[in-house]
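**Q** How does the following fold in three dimensions:
(chains A and B)
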Amino acid sequence: MDFKDIIKPENLVYRRSSLLTDKPFSYCPGCGHGTIHRLIMEVVEELGIQEITVGIAPVGCSVLAYEFMNMDMQQAAHGRAPALATALKRLMPDKYIFTYQGDGDLAAIGTAETIHACNRGENIIIFFVNNGIYGMTGGQMAPTTLPGMPASTCPFGRDVNIMGNPLKITELVAQLPGVHFATRQSVHTPRNVRRAKKAIQMAFEVQKNKKGTSFVEFVSNCNSGWKLSPVAANEWMEQHMFPFYPLGDIKVDGNLVTK
Amino acid sequence: MGELRLMKGNEAFAEACIRAGVDAYFGYPITPQSEVLEYLMSQKPYETTGMVVLQAESEVAAINMCYGAGGAGFLPVTSSSSPGISLKMEGVSYIAGAELPLIILNVVRGGPGLGDIQPAQSDYFQATKGGGHGDYRLYVLAPSSVQEMADFVLIAKEMAFKYRNPVMILSDGIIGQMMEKVELFDPIPRRTIQEVEKQAPWATTGKKANRERNIITSLDLDPLKQEQHVYHLRDKYSQMEREDVRFEEISTEDAEYLLVAYGSSARICQKAVDLAREEGIKLGLLRAITLFPFPSKRLAELSNQVKGMLAVEMSLGQMVEDVKLAVNCRVPVEHYGRTGGVIHSPVEVLEALKSKIIK
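**A** Residues are numbered from 1 along each chain as shown, chains lettered A, B, ... in the order given. Have a look, this model is predicted:
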């Protein structure tokens, strides 16, 4: 098989989504953001809804998400993405609207916007990347930092007696009647990537059918903030993050999943 | 002649928003402006014009809903009163930075802090000098009647799109709460989505195959590019100063002394001018209608005619600084005004003129 055979369409097994721009990712090597960007853009491309989809980028590592996603996007003030999404969806109810937010953005400064958008059942998707740390500002404690986990603003580990407990916000919003679909995924293995993509597809399906809010959490790594190599970060995530933030669906078709 | 109604200022503003074809209103209750949201919900414009009306979870959420709506080329409106406006200021800065259309109404009450719920004019600095962070300006209109609470919505709409900049209507508890006769303008239909996209080719309504993607952001990490962006904003503000200064003059032709005021203080000053004229004092009034851009040029001209000016505002003295800058020490300029929710009377204004300026 020579080069010309290899590039024949029938031999194509993978290509980058056309909805990702040529701009190199600003994310650290090993970070999960790039994979999650790719999955969302793949789903938008496969559904053929690029012309009727608007995304909202947060403040944090993914503040420049609009540089990488080849679609109309707005960049929100810290924590306010669900408010922007509310207005966009209500003014353009036939378009697909999603936010893409990190843990500090969504579960600390933007908690009110998150809970109330979910409680109104805004027909939007909230993609939530939880790496337990403020990545962009340099590794400070996040609302989702695990007990005992060190960060630059809790250098001796998170002491829950002083700093409070980590917030399981996906479980929290899943209680709200406005939320139709809530799930927690990861993208650290090919198997998890495939599952995460199915969850993203499901979220767009929910929005298409105007069922309410979809809340898709990705437990992800931050090897820079965690001061670990990419491989060690993924192992640490499996050992420490997943027991606290268990993967799987939390609410499907408007019903809480019983385990 | 348009339809005549007896309305509160807040209601007239809300009715004018529906008639002006505003696309969305996002608000949060606070005295003395809650009638705006109450009136809109009672009229159900979402069933007639399709205007979205939503009570947000906070002023912060409301202003960010406005950001989203404006970023898609729609015309959003929000309203609040002083403490709530402070909360919105982060969003206003972002909207100015991202160059989005917005009408924001401030029905000012006494402050600082929670202050009280009586009328005041102590948010002038916040409205005209910033309020939020960064190098930006708002186009600021100051109505002095219920009629203008309605009419200024149309001016605000025009300016919001002409400059792609937030327009603040700086009212106060008197204008918001009092009832007056209003002649309402005829309704203007809301734009269709096609018309929105034509008027705002920069809007995020979904990337079409025949154009580049549209991005709404106030971020540019390259300082040289950010500086160019701020220079571009400055050019808009300069254009406002050249083309869109608004003011009104009362009895200035032969005036030897001048009152400078805006909003409800200007109404009070009108009476003070009458009282002064009865006593033989040649007093005039310049009412600033736009507070930014400020009628500095006209004040400079008048400083060659009058012997002194009294800036009258319900505050410790904020607009007076702009009057002094315009007059540039050519004649004495003093401030008079009650504050904290207390309203000065025409007699108090006249007495202050006599003691501070005429002497």
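
**Q** Who are the contact partners of B:Asp123?
**A** Applying CB atoms under 8 Å, 6 or more residues apart in numbering or on different chains, we find B:Asp123 in contact with B:82, B:85, B:106, B:108, B:111, B:170. Using the backbone N, CA and C atoms, a C-beta is placed for each residue, glycine as well.

**Q** let's go with 7 Å and repeat that
**A** B:82, B:85, B:106, B:108, B:170 (CB atoms under 7 Å, 6 or more residues apart in numbering or on different chains).

**Q** Identify, from those residues, the entry nearest to B:Gly132.
**A** B:Ile85 (10.3 Å; CB to CB).

**Q** Which member of the contacts of B:Asp123 is positioned nearest B:Met178?
**A** Once CB to CB is applied, the member of these that ends up nearest B:Met178 is B:Val108, at 14.1 Å.

**Q** for the closest one, helix, strand, or coil?
**A** strand (DSSP: H, G, I helix; E, B strand; the rest coil).

**Q** just to revisit the earlier point, is it possible to get CSV of the contacts of B:Asp123 that adds pLDDT?
**A** As requested, these are exported to CSV (pLDDT from 0 to 100):
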residue, pLDDT
B:Ser82, 98
B:Ile85, 98
B:Asn106, 98
B:Val108, 98
B:Leu170, 98
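
**Q** So A:Leu247 is in contact with A:Thr183, correct?
**A** No. Taking contacts as CB atoms under 7 Å, A:Leu247 lies outside contact range of A:Thr183: 8.7 Å.

**Q** and A:Leu64, what is it in contact with?
**A** The neighbourhood of A:Leu64, defined by CB under 7 Å, 6+ apart, consists of A:Ser26.

**Q** same check, this time on B:Leu154
**A** Here B:Leu154 is in contact with B:20, B:185 (CB under 7 Å, 6+ apart).

**Q** Next, please give the residue ranges for the strands of chain A.
**A** A:53-57, A:72-75, A:96-102, A:125-130, A:133-134, A:140-141, A:179-185, A:213-219, A:248-252, A:255-256 (DSSP state E).

**Q** which stretches of the chain form helices?
**A** With no chain named, the answer covers chain A. A:3-6, A:33-47, A:65-68, A:81-91, A:103-104, A:111-119, A:160-163, A:169-174, A:190-208, A:223-226, A:230-236, A:242-244 (DSSP state H).

**Q** that's the other chain; I wanted chain B
**A** Under DSSP H, chain B gives helices at B:9-19, B:35-43, B:45-48, B:59-71, B:82-98, B:124-129, B:146-162, B:173-177, B:193-199, B:223-243, B:263-278, B:296-302, B:319-327, B:346-353.

**Q** Show me what the fifth one is packed against.
**A** Secondary-structure packing of helix B:82-98 (3 or more CB pairs under 7 Å, 6 or more residues apart in numbering or on different chains; DSSP states H and E): helix B:59-71, strand B:102-108, strand B:166-172.

**Q** which residue packs closest to residue 51, ignoring adjacent ones?
**A** Answering for chain A, as no chain was given. Leaving aside its sequence neighbours, A:Glu51 sits nearest to B:Gly206 (CB to CB, 6 or more residues apart in numbering or on different chains; 4.8 Å).

**Q** you looked at the wrong chain, it should be chain B
**A** B:Pro45 (4.0 Å).

**Q** Number of residues surrounding the residue nearest to B:Val323 when sequence neighbours are not counted?
**A** Once flanking residues are discounted, B:Val323 sits nearest to B:Ala311: 4.7 Å by CB to CB, 6+ apart. Neighbour count of B:Ala311, defined by other CB atoms under 10 Å in any protein chain shown: 28.

**Q** what about the strands of chain A, which gets the closest to chain B?
**A** strand A:72-75 (3.7 Å; CB to the nearest CB).

**Q** The closest one near chain B anywhere?
**A** Yes. Interface with chain B: strand A:72-75 contributes A:72-75 (CB under 7 Å from any CB of the partner chain).

**Q** which one of those sits closest to A:Leu106?
**A** For those, the nearest to A:Leu106 is A:Gln75 (15.1 Å; CB to CB).

**Q** From A:Leu91, how far off is that closest one?
**A** According to CB to CB, to the nearest Å, A:Gln75 and A:Leu91 sit 18 Å apart.

**Q** ok so, going back, do you know which of the helices and strands packed on helix B:82-98 lies nearest chain A?
**A** It is, among the helices and strands packed on helix B:82-98 and with distance given as CB to the nearest CB, helix B:59-71, at 3.2 Å.

**Q** Please give me every residue in contact with B:Ala352.
**A** B:310, B:336.

**Q** Enumerate every residue touching B:Ala272.
**A** B:259, B:346, B:349-350.

**Q** can you put those in a markdown table and add neighbour count?
**A** Shown next, in a markdown table, are those (neighbours: other CB atoms under 10 Å in any protein chain shown):
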| residue | neighbour count |
| --- | --- |
| B:Leu259 | 31 |
| B:Pro346 | 18 |
| B:Val349 | 26 |
| B:Leu350 | 25 |
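
**Q** Just give me the closest of those residues to chain A.
**A** B:Leu259 (40.6 Å).

**Q** Can you lay out the contacts of B:Ala272 as JSON lines showing pLDDT?
**A** As requested, the contacts of B:Ala272 are exported to JSON lines (pLDDT from 0 to 100):
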{"residue": "B:Leu259", "pLDDT": "98"}
{"residue": "B:Pro346", "pLDDT": "98"}
{"residue": "B:Val349", "pLDDT": "98"}
{"residue": "B:Leu350", "pLDDT": "98"}
